[in-house]
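> Mind looking at a prediction? Sequence and model below.
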Amino acid sequence: MTKPNVTEIKPLEKKVSKEEVESFVNANIVPLERKEVDGQEVITKSACVDGRTEPENSKGRVRMFGGDAGILLSFAATLNEKEIDIENDSIITALVNTKKEIAGPDAKLCLHTDGHGEKDGSIGCGHANRMSSSREDFNGDGKYGLTWNSAKDLFEKAWEKVEAEHVVLQGDHEELAVLLVHGGENGQRADFSVYSLDKENGKSFFVIDVEATGEYFKTIVPRMSEKLGVGLSVEDVLSNYYKQLDISAGLLAGHLEKYDVYIESAEKARVEKAS
Ligand SMILES: [Zn+2]
């Protein structure tokens, strides 16, 4: 068994100021796209939090760890936890069919690799990469809630699907900080996200949509669960997603500062240093 290669992330010397973060955010606010499904306006597409994701591959999408791989991997971990045995192929098919149901027959799984992965055959999505690694300091003994080889099989099978996007991110990780984007206060609907890469000045940030991710899971998980007849709750799958997110965030962005971003309008956001 070969170990998947990993894209090393080197801590940057440079620190950003709150003012720099604020000016980046205000120039890069993007509305979340919604589609009416069963009388509700839902988000139908995701993209990874990876800062290298270009605006054309993230416009209107909810930013979550792994994009749709994040759903597959947390869904599989939840099945594991409940000791329900379902083939990876079936989990992927359930997500593909759910996406077709909500976004139309041309809907695709939102997945990515990177230039390094393309070259050496490793998985270039950092979240899926760490989860697919036998290294003890990554998944190793199954700290993500599923074994590293099961995570690897799941990602690779999803990637091979006809209904999968093959987005390849270029360059090295140069994210300046982590942005935790909130969808309006007082339980309002999330209307905006932030582009992670500003091509004009080359700056990039990890972008995590906090409330909008929960909403995306609420749309996807019950439909997948029904198709598989497994009765998983949104809360259970989300809690595994957060558990996996915490590990990956530590491994990929533990060296970076975090900022809470509260978007007030299409041009204006409030930024606060997160604790
Ligand atoms: Zn990724």
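On my side now, so go ahead. These figures come from a predicted structure and were not determined experimentally. Residues are numbered from 1 along each chain as shown.

> close to the ion, is the host helix or strand of residue 208?
Taking DSSP states H and E as the definition, residue 208 sits inside strand 206-209. No - for a cut-off given as CB under 5 Å from the ion, strand 206-209 has no contacts with the ion; the smallest distance is 9.8 Å. All C-beta spots, glycine's among them, are computed from the backbone N, C-alpha and C.

> after that strand comes which helix or strand?
The element immediately downstream of strand 206-209 (helix or strand, assigned by DSSP H and E) is helix 210-228.

> got a list of contacts for that following helix?
Contact partners of helix 210-228, identified using CB atoms under 8 Å, 6 or more residues apart in numbering, comprise 32, 37, 42-44, 46, 62-64, 71, 75, 86, 90-91, 94-95, 97-99, 101-102, 180-184, 189-190, 193, 231-234, 237-238, 241.

> Which among the residues you listed count as buried?
32, 42-44, 46, 62-64, 71, 75, 91, 94-95, 98-99, 101-102, 180-183, 190, 193, 232, 234, 237-238, 241 (16 or more other CB atoms under 10 Å).

> Helices along the stretch 51-200 of the chain, start to end?
68-81, 88-103, 115-120, 126-131, 148-160 (DSSP state H, counting those that start in this stretch).

> which residues are contacting the longest one?
It refers to helix 88-103. Contacts to helix 88-103, defined as CB under 8 Å, 6+ apart, come from residues 35, 37, 42, 44-45, 68, 71-72, 75-76, 79, 107-109, 150, 153-154, 157-158, 161, 163, 219-220, 223-224, 227-228.

> Report the angle between it and helix 148-160.
On the basis of axes from the mean of the first three to the mean of the last three CA atoms, to 10 degrees, helix 88-103 is oriented at 40 degrees to helix 148-160.

> how much does helix 88-103 deviate in direction from helix 210-228?
Using the same axes, to 10 degrees: helix 88-103 against helix 210-228 is 120 degrees.

> Figure out how far helix 88-103 is from the centre of its chain.
17 Å (CA atoms, centre = their mean, to the nearest Å).

> With the fourth one instead?
Relative to the centre of its chain, helix 126-131 is centred 11 Å away, using CA atoms, centre = their mean.

> ditto for the third one
Shown here is helix 115-120, whose average C-alpha point lies 20 Å from the average C-alpha point of the whole chain (CA atoms, centre = their mean).
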